[in-house]
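In: Task: produce atomic coordinates for the following.
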Amino acid sequence: MKFYLDLALIIVSITLIAAVVLQSRGIGLGGLGGGDFGGSGYHVRRGVEKLIFNITIGLSAALFVLAILNTILS
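Out: Prediction:
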């Protein structure tokens with residue numbers, strides 16, 4: 001049981017890192033079309049950007065739960 005929990009923790013953490021990197025690259029690439037928001041103003045997430053944002057939230061919640069379970073079972 002502990003092995004599978006550790007494996008799930010590693011997989012979720014690597015996937016979360018990839019999702020965060022994809023989000024930060026999306027911000028930098030937004031300036032190509034002349035729409036560089038740079039953190040100012042209101043920006044509506046649409047399409048793939050919204051999907052990656054929601055996946056990141058889900059992965060961070062899963063990582064939190066897995067970390068708590070790992071601590072309890074240790």
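
In: Show the residue spans covered by the helices in the chain.
Out: In the chain, the helices defined using DSSP state H lie at 2-29, 48-73.

In: Now do residue 8: how many residues are near it, please.
Out: Neighbour count for residue 8, taken as other Cβ atoms under 10 Å: 15. To be clear about C-beta, it is placed using only N, CA and C from the backbone, and glycine gets the same treatment.

In: Wait, it touches residue 69, no?
Out: No. Between residue 8 and residue 69 there is no contact under Cβ atoms under 8 Å: 9.2 Å.

In: tell me, what residue is most central in this protein?
Out: Centroid check for the chain by Cα atoms, centre = their mean gives residue 56 as the closest residue, at 2.6 Å.

In: Nearest residue to that one in space, please, no chain neighbours.
Out: Closest residue to residue 56 apart from its sequence neighbours, by Cβ to Cβ, 6 or more residues apart in numbering: residue 19 at 4.4 Å.

In: Surely that neighbour and residue 52 touch.
Out: Yes. Assessed by Cβ under 8 Å, residue 19 is found in contact with residue 52 at 5.9 Å.
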